[in-house]
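Engineer: Provided below are the primary sequence and the corresponding predicted coordinates.
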Amino acid sequence: MQPLTVHRYGSPAAPPLVLVHGLTDAGTAWPDLVQHWGDRWDVHAPDLRGHGRSPRFTTEELAAPPDVLLDDLVGLVEALPAPAVLVGHSLGGLLALRAALARPGRATALVLEDPARPSGDVPDPAFVAAQERFLDSLTDLPAAVRRMVAESGWSRAEAEAWAACKPLVDRAYVRQGLWLGDPAWEELFDALRVPTLLVVPPDAPMAPAVVGNDRVRRVVVPGAGHCVRRDQPDLFHEAVDAFLAEVAPAAA
């Protein structure tokens, strides 16, 4: 497989941290978090396959996109010089969780921002159609940025980065690849062996109902929606910084 495009931030001398974005975003969609952390981490932010500047899915890869996405992330983590903290949002949260289970020795900690619940092996036609309509609607990106800033309260940097990702999404993946594989969910969290912070909004239908693993902590962020770090950046940073200061103090 062709390698992913990986964006680098922070300091190469710092401990490694991998940012795994959500559906229709890219590795460039973390501007406020990258600025907040500065040089505390050696940040690797891939464009997932079918997103940003990374390769498109081949016809063969579209037969099993969850496996392809996971293999990409596992390959990135294994190539790092040391085990890394994995931070994932939505689709990226599910991938980070699966990668930590597949290669537990390569993850020092997980931060999962409202991770996507796996959906099984059949695409939801309504969800696919909604994503197509959403991407089709973004014909005027400056107007979309103004609307997001006004309606959501996101910073302009976040809104601009969010909008810039959308024309780069692989439409073949959206039409044919939007399923997330094995629907096991609570069982994944119970199997974790690394410190994990689950950061969710008050209304979090995708979050696991019960986690019986004392390595997993849940933080509910008031006033947030699915994009917790964009909706409530100060509360997100406070929770994540405190967690990382405890489990990865060399950097945090």
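Structural biologist: Thanks, I have the structure now. Residues are numbered from 1 along each chain as shown.

Engineer: For residue 123, see how far away residue 175 is.
Structural biologist: Going from residue 175 to residue 123 by CB to CB, to the nearest Å gives 9 Å. Bear in mind the C-beta positions are built from the backbone N, C-alpha and C, glycine included.

Engineer: Those two: which is more packed in?
Structural biologist: Neighbours per residue, other CB atoms under 10 Å: of residue 175 and residue 123, the larger number sits with residue 123, 17 against 14.

Engineer: Quick check, pLDDT for the nearest residue to residue 48 once chain neighbours are set aside.
Structural biologist: In this structure, residue 48 finds its nearest non-sequential neighbour in residue 69, 6.0 Å apart by CB to CB, 6 or more residues apart in numbering. Residue 69 is assigned 98 on the pLDDT scale.

Engineer: Figure out how far the strand or helix carrying residue 69 is from the centre of its chain.
Structural biologist: In this assignment (DSSP states H and E), residue 69 forms part of helix 65-79. Helix 65-79 has its C-alpha centroid displaced from the chain centroid by 13 Å (CA atoms, centre = their mean, to the nearest Å).

Engineer: now swap in stretch 224-244 and tell me
Structural biologist: 13 Å.

Engineer: ditto for stretch 60-68
Structural biologist: Using CA atoms, centre = their mean, the offset of stretch 60-68 from its chain centre is 18 Å.

Engineer: Could you pull out the buried residues of it?
Structural biologist: 61-62, 65-66, 68 (16 or more other CB atoms under 10 Å).

Engineer: got it, and stretch 109-126?
Structural biologist: Residues 109-119, 123 are the ones in stretch 109-126 that count as buried (16+ other CB under 10 Å).

Engineer: What is the end-to-end distance of that stretch?
Structural biologist: Distance across stretch 109-126, first residue to last, is 35 Å (CA to CA, to the nearest Å).

Engineer: end to end, how far does stretch 214-229 reach?
Structural biologist: Using CA to CA, the two ends of stretch 214-229 sit 24 Å apart.

Engineer: Identify each buried residue in it, please.
Structural biologist: In stretch 214-229, counting by 16+ other CB under 10 Å, buried: 216-217, 219-221, 224, 226-229.

Engineer: isn't residue 182 right next to residue 101, touching?
Structural biologist: No: Residue 182 is beyond contact range of residue 101, at 11.2 Å (criterion: CB atoms under 8 Å).
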